[in-house]
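>>> Fold the following and give me the result.
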Amino acid sequence: MALQVHGSLTKTGFAYLSLRELIITGELTPGTAIQQGDLAKKMGVSTTPLREAIRRLSAEGLISLSAHKDARVTQVTADEARHLLEVRDQLDPLAAGLAAARRTEDELTRIIQASSQLQPLSEGVDLPALMAHREFHRAIYVASHNPILVDLLERLWDKADRYRLIGLQSRGDSAAESSRVAAEHRELVDAITVGDSKRAEATMRRHIQGSLGGRAIEVLEATSHT
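Below you'll find the model as predicted:
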């Protein structure tokens, strides 16, 4: 891996982002024990920032810590994927509706700019492409002007990233699905631009219900019965 600290990141921040990426992309598979000494060497950091990163990822639900301080990547399950989707089905539309009612001109500009960076998702998609989708949703969350809601949705997104990749790796979006998703993004921007909260909520709910999380549920349910 031979990762190096760069930019303005602290060593702990670098260790956190690096370890999180290894988990989300599946390089560290569910249930894998984290060998802290070996991993710290590969990252080029000491074990202290790595332990801090592990604690942070444990709080986010991506790592489980035993009483003996053994750290393992948490399992993925159809039940958790379903629970995440159920909560997002309620909270994301709320954020979109509030954003339509409360957004500032600067926030609208950020939403539009984020939407311009979106691209169709395929099986070979990389993490930056998924991050662009997160930035679009984050811009909407922030425009809701409800910090508690923003915090909840950020935490949900952290847990849901692995399920998005599971859904995506099962198959890329078809041309029809890519067209639908792009149309939903445009409609969200339009509704927020004109301040139509009801349309923003309805569009976001439709968007969440057709998301990669739902596809992940199907994949995990199928594998659990084989």
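>>> Quick check: end-to-end length of stretch 119-135?
End-to-end distance of stretch 119-135: 12 Å, with CA to CA, to the nearest Å as the criterion.
>>> give me every residue that touches A40.
A40 makes contact with 15, 46-47, 50, according to CB atoms under 8 Å, 6 or more residues apart in numbering. For every residue, glycine as well, the C-beta is placed using N, CA and C.
>>> actually A160, sorry about that
Here A160 is in contact with 81, 84, 88, 213 (CB under 8 Å, 6+ apart).
>>> Where does the third one sit: helix, strand or coil?
Translated: R88. helix (DSSP: H, G, I helix; E, B strand; the rest coil).
>>> gap between the residue nearest to A99 when sequence neighbours are not counted and R199?
Closest residue in space to A99, ignoring its immediate chain neighbours: A143 at 3.8 Å, by CB to CB, 6 or more residues apart in numbering. Applying CB to CB, to the nearest Å, the value for A143 to R199 is 15 Å.
>>> circling back: name the member of the contacts of A160 with the most neighbours.
In terms of neighbours by other CB atoms under 10 Å, the contacts of A160 top out with A81 at 27 neighbours.
>>> what sits against that residue?
Taking CB under 8 Å, 6+ apart, one finds 160, 163, 166, 213, 216-217, 220 in contact with A81.
>>> same deal with R88?
For R88, the contact set (CB under 8 Å, 6+ apart) comprises 153, 156, 160, 208, 211, 213.
>>> Out of those residues, which comes closest to V76?
Taking CB to CB as the measure, A160 is the one of those closest to V76, at 10.6 Å.
>>> Can you point out the helix or strand that includes that closest one?
Under the criterion of DSSP states H and E, A160 resides in helix 147-170.
>>> next one: E218
Using DSSP H and E, the element containing E218 is helix 212-224.
>>> what's next to that helix, contact-wise?
By CB under 8 Å, 6+ apart, the residues outside helix 212-224 that reach it are 76-78, 81-82, 84-85, 88, 121, 160, 163-168, 170-171.
>>> Right, I'll call it a day here.
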